[in-house]
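Visitor: Fold the stuff below for me.
(2 chains)
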There are 2 protein chains.
Amino acid sequence: MTQDRRIRLGLILHGVGRTWDDWRHPARNVRASTDFGLYRRQAQLAEQGKFDFLFVADSLSVNEKSSPHYLNRFEPLTILSALAAVTDHIGLVGTLSVSYTEPFNVARQFASLDHISGGRAGWNVVTSWLSDTAANFGKTSHPAHNERYRIAAEHLDVVQGLWDSWEDDALVGDKDTGVFVDPAKLHRLDHTGQYFRVRGPLNIGRSSQGQPVIFQAGASEDGRDFAARHAEAVFCAPQTIEEARLYYADLRERARRLQREAGLPLILPGIAPITGLTEEEAEASYQELAALTSLDTGLGFLSRSFNDHDFRQYDLDGPFPEVEHIGNESNQSSSRRILQRVQDGNLTIRQIALELATPRGDFTGTPAQVADALQNWFETGAADGFVIFEPLPGQLELFVKHVVPILQERGLFHSDYEHNTFRENLDVPFPVNRYTNAAAQTG
Amino acid sequence: MTQDRRIRLGLILHGVGRTWDDWRHPARNVRASTDFGLYRRQAQLAEQGKFDFLFVADSLSVNEKSSPHYLNRFEPLTILSALAAVTDHIGLVGTLSVSYTEPFNVARQFASLDHISGGRAGWNVVTSWLSDTAANFGKTSHPAHNERYRIAAEHLDVVQGLWDSWEDDALVGDKDTGVFVDPAKLHRLDHTGQYFRVRGPLNIGRSSQGQPVIFQAGASEDGRDFAARHAEAVFCAPQTIEEARLYYADLRERARRLQREAGLPLILPGIAPITGLTEEEAEASYQELAALTSLDTGLGFLSRSFNDHDFRQYDLDGPFPEVEHIGNESNQSSSRRILQRVQDGNLTIRQIALELATPRGDFTGTPAQVADALQNWFETGAADGFVIFEPLPGQLELFVKHVVPILQERGLFHSDYEHNTFRENLDVPFPVNRYTNAAAQTG
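Guide: Model prediction:
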């Protein structure tokens, strides 16, 4: 841990809400998920708070039972491009699945966002985990979990290869001689792999940050290996600081074995801080949030982690049933986590259901208490920073106005953006163009 | 022709230039194609001139010999989303190929742009005409020309079906009852066709204009049929007013036979007006442009229209050789047009090459002369409006400041945007949601 190490902060933009029920808050606009004005205000408020980045999640399949924030939402690349035009410094991280996209299109769109924003793009690489998704893309079956990560690795490799198509000085633009591009510095990729065959070159050059920053959210074994090998920042969802520390240590150890640079990947738990100017105000806000949550929603969470198992067949206040055998490959990590929590807390079905729907977490309190909790996670091996969800309208503003200044006073957070690009501000290494590098090494 | 009929104007944004050589103009920024600041200024200037829309072209394959404006460029959906955030009224038309995209992704991205912009999106539907493109998308061969249009028709059908997933009142958002969406008004598409199988529903609702406006640029037989059947506006590239009238009459007749609504599709030739405050200034600007054009570029145009045939093997100042047999399916229309022009003008190889590289056209002159030419095309069955290219830096500003006011004075062009959405401003019909319609008819 160097003296310069500081907390990184991202804001997740989730429109109408982040849970099944929080859209019912009186102050929420039910059309928030497609309200550009709201997205712009949140983005500009986060930039005022010197947040490192905005983060847009995604999914590719819905039905009438889907959660409101899944049902109706902006597509990540388009909304981030729009936000690029109304912000100046903040990073722009978009989720895009490798499962149903062409690497050439993905490489172009992120490179384009990277140029529009002056070097502020990031790609959160995901494999699509809902088997229903296949039906929206003409596939009869969804690839198995481990195969999805092999596809992901090759897809990412192709995209990063395409991003290097142009060496940084390939565009000559000599008006006298008429030489626009130096053909020796424009490279075909000529990739032929197990899943993709892509020639290149890409029809857009590199931005000032070289390549977009790679995010990932690996939780499973395959996902952690993928993150340890490829990600520059990892978004994770630990329920407790203990869980966060275990994840952090595990991921860093995997990265060390792969000889990644020290400090990579950055590990950024997602949290939903509830700040009040007094403890009472914070508690009142928590209760306001919890009051929106129905038992149905909690049981829904539980059910989805166990293959749509019906938990209403049991006594909700009796002991938790034997359901270890019900989880399947795609929800393995969440079902395990739930069973562990039930065991640790000796919880009933009702208790775990409500807790799943409205976790209280470590980050409810006064600005100083929230800052203490962030500092504690940051300094005790649980996090390099955080991705902030806004659990209730107004919470982002409270965080920016009251928590951020405390972190800054304590020297835990930057007081301003120091560089032009996302990569530099986040302090992850500049990727030297692979072709330039090769020439320098042999030249 | 009704009294209300008025010229529609679009601006094509092409960054570094529109030809092989115009990037060499002293005032051009050689990095213009990825310069967001320039795109923003042009977009805002066009909006100041009350242009109906911005248009972004596209291509999916380049090599070191490609034209500068192909080599390095923004991806259309991302740049248009960014421009949506810095404009208020102007339509935003993006080119996207049906050949290497998933309908679900296309539907989402355009719907998202449509919401970001408050109902200002348009999709220029293209099939990718460079056979090299296949190599960037893992395909061993490029589908034949007529098959590409069958794919296009099915792709568009699926996208438009997905756009109707949500009836306009499907999002209920009743906070008291907890009903977010009316499940009876959220529709699966369940499309199973020859090329695509897509379930739906789309995870974003309709914008205030219902669906993005459909543009197309059909020139071949198959392309014209496609445009007549599906397009609401057509971008075309006639070289002369006679050619424009023939195209206009042909396309309208095809549309009439298909029982399209009168006046659809709008037919919008692409033109590159050169305006000067005096005739001498206009001529000087034309000469400035022509001086940038090398014989090589003209011969390159010629060669590409005839299967890369080498015309340097002939006497450049002698009679035009017998090359009718050399054109192939994909460049049929351009090779035919060239041969016709050579015959009409009794041109040598050198003459046709230079003319291809820097066509003078009808739109070079004083503001009044340019306005006269626009009016003549508009009133004599050659055009419903125009897509404007800026052939030299500064020309857009001259057009906006000096030509637009003349058109407005003559009652040929609107003096301001009258509606909120692109579709309404363009005066093309609102597409009633197919499900709402069915219910109304049977209910």
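Visitor: OK, contacts around the residue lying closest to A:Gly365 once chain neighbours are set aside?
Guide: Spatially, and ignoring its direct neighbours in sequence, A:Gly365 is nearest to A:Ala282 (5.1 Å; C-beta to C-beta, 6 or more residues apart in numbering or on different chains). All C-beta atoms are positioned from the backbone trio N, CA, C, and that covers glycine. Counting by C-beta atoms under 8 Å, 6 or more residues apart in numbering or on different chains, A:Ala282 touches A:Ile274, A:Thr275, A:Gly276, A:Thr364, A:Gly365, A:Thr366, A:Gln369.
Visitor: Let me have the residues you listed in TSV, extended by secondary structure.
Guide: Putting those into TSV (DSSP: H, G, I helix; E, B strand; the rest coil) gives the following:
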residue	secondary structure
A:Ile274	strand
A:Thr275	strand
A:Gly276	coil
A:Thr364	strand
A:Gly365	strand
A:Thr366	coil
A:Gln369	helix
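Visitor: now the residue nearest to A:Gly365, what's its secondary structure?
Guide: With three-state DSSP as the basis, A:Ala282 sits in helix.
Visitor: For it, give me the pLDDT.
Guide: At A:Ala282, the model reports a pLDDT of 96.
Visitor: just how off-centre is the lengthiest helix in chain A within its chain?
Guide: Taking DSSP state H as the criterion, chain A has its longest helix at helix A:145-163. The chain centre lies 18 Å from the centre of helix A:145-163; the measure is C-alpha atoms, centre = their mean, to the nearest Å.
Visitor: cool, and stretch A:219-234?
Guide: Put simply, stretch A:219-234 sits 12 Å off its chain's centre (C-alpha atoms, centre = their mean).
Visitor: same deal with stretch A:38-45?
Guide: Between the centre of stretch A:38-45 and the centre of its chain there are 18 Å (C-alpha atoms, centre = their mean).
Visitor: do the same with stretch A:270-277
Guide: For stretch A:270-277, the distance to the chain centre is 18 Å (C-alpha atoms, centre = their mean).
Visitor: and it, C-alpha only, in CSV?
Guide: Extracted in CSV, the C-alpha atoms of stretch A:270-277 (Å, rounded to 0.1, in the frame of the first residue of the first chain):
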residue,chain,number,x,y,z
GLY,A,270,-20.9,-2.2,-5.1
ILE,A,271,-22.5,-0.5,-2.1
ALA,A,272,-25.6,1.6,-1.4
PRO,A,273,-24.7,4.1,1.3
ILE,A,274,-27.6,5.7,3.2
THR,A,275,-26.4,9.0,4.6
GLY,A,276,-28.2,11.3,7.0
LEU,A,277,-27.0,14.5,8.6
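Visitor: who's in contact with A:Arg108?
Guide: Taking C-beta under 8 Å, 6+ apart as the contact definition, A:Arg108 lies against A:Leu162, A:Leu202, A:Asn203, A:Ile204, B:Glu75.
Visitor: one step back: buried set for the longest helix of chain A?
Guide: A:145, A:148-163 (16 or more other C-beta atoms under 10 Å in any protein chain shown).
Visitor: tell me, how many neighbours does A:Gly318 end up with?
Guide: Neighbour count of A:Gly318, defined by other C-beta atoms under 10 Å in any protein chain shown: 10.
Visitor: quick one, domains of chain A?
Guide: For chain A, the structural domains run A:8-281+A:361-442, A:294-357, going by automatic domain parsing.
Visitor: Let me know which of the ones you listed is tucked in deepest.
Guide: domain A:8-281+A:361-442 (a mean of 20; mean count of other C-beta atoms under 10 Å in any protein chain shown).
Visitor: where in the stretch 201-350 of chain A is pLDDT low?
Guide: Residue ranges of the stretch 201-350 of chain A with pLDDT under 70: A:327-331.
Visitor: Tell me which stretches of it form strands.
Guide: A:213-216, A:233-236, A:266-271, A:274-275 (DSSP state E, counting those that start in this stretch).
Visitor: Quick one, which of the ones you listed gets closest to A:Val432.
Guide: Closest to A:Val432 of these is strand A:213-216 (C-beta to C-beta; 15.2 Å).
Visitor: Strand partners (parallel or antiparallel) of the closest one?
Guide: If you go by DSSP bridges, strand A:213-216 pairs up with strand A:121-126 (parallel), strand A:233-236 (parallel).
Visitor: Centre of the chain to that strand, how far?
Guide: 8 Å.
Visitor: can you list contacts of it?
Guide: A:55, A:91, A:93, A:121-126, A:156, A:223, A:226-227, A:230-235, A:265, A:422-423, A:426, A:428.
Visitor: Who are the contact partners of the residue in the stretch 1-150 of chain A positioned nearest to chain B?
Guide: Nearest residue of the stretch 1-150 of chain A to chain B, counting by C-beta to the nearest C-beta: A:Val30, 3.0 Å away. The neighbours of A:Val30, taking C-beta under 8 Å, 6+ apart as the test, are A:Val16, A:Trp23, A:Pro68, B:Leu171, B:Gly173, B:Lys175, B:Phe180.
Visitor: Reformat the residues you listed as JSON lines; add pLDDT, distance to B:Arg410 and secondary structure.
Guide: Formatted as JSON lines, the contacts of A:Val30 follow (pLDDT from 0 to 100; distance: C-beta to C-beta, whole Å; DSSP: H, G, I helix; E, B strand; the rest coil):
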{"residue": "A:Val16", "pLDDT": "93", "distance to B:Arg410": "48", "secondary structure": "coil"}
{"residue": "A:Trp23", "pLDDT": "93", "distance to B:Arg410": "52", "secondary structure": "helix"}
{"residue": "A:Pro68", "pLDDT": "92", "distance to B:Arg410": "51", "secondary structure": "helix"}
{"residue": "B:Leu171", "pLDDT": "96", "distance to B:Arg410": "45", "secondary structure": "strand"}
{"residue": "B:Gly173", "pLDDT": "96", "distance to B:Arg410": "48", "secondary structure": "strand"}
{"residue": "B:Lys175", "pLDDT": "93", "distance to B:Arg410": "53", "secondary structure": "coil"}
{"residue": "B:Phe180", "pLDDT": "95", "distance to B:Arg410": "52", "secondary structure": "strand"}
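Visitor: Those residues: which two are farthest apart?
Guide: Maximum distance among those (C-beta to C-beta): 12.6 Å, for B:Leu171 and B:Lys175.
Visitor: how about the residues of the stretch 251-400 of chain A near chain B?
Guide: A:Ser294 (C-beta under 8 Å from any C-beta of the partner chain).
Visitor: any idea where the helices of the stretch 251-400 of chain A begin and end?
Guide: A:279-291, A:295-305, A:332-345, A:349-357, A:367-379, A:395-398 (DSSP state H, counting those that start in this stretch).
Visitor: contacting residues around the longest one?
Guide: Under the contact criterion C-beta under 8 Å, 6+ apart, helix A:332-345 has outside partners A:219-220, A:239, A:243, A:302, A:305-306, A:320, A:323-324, A:326-327, A:347, A:351-352, A:355-356.
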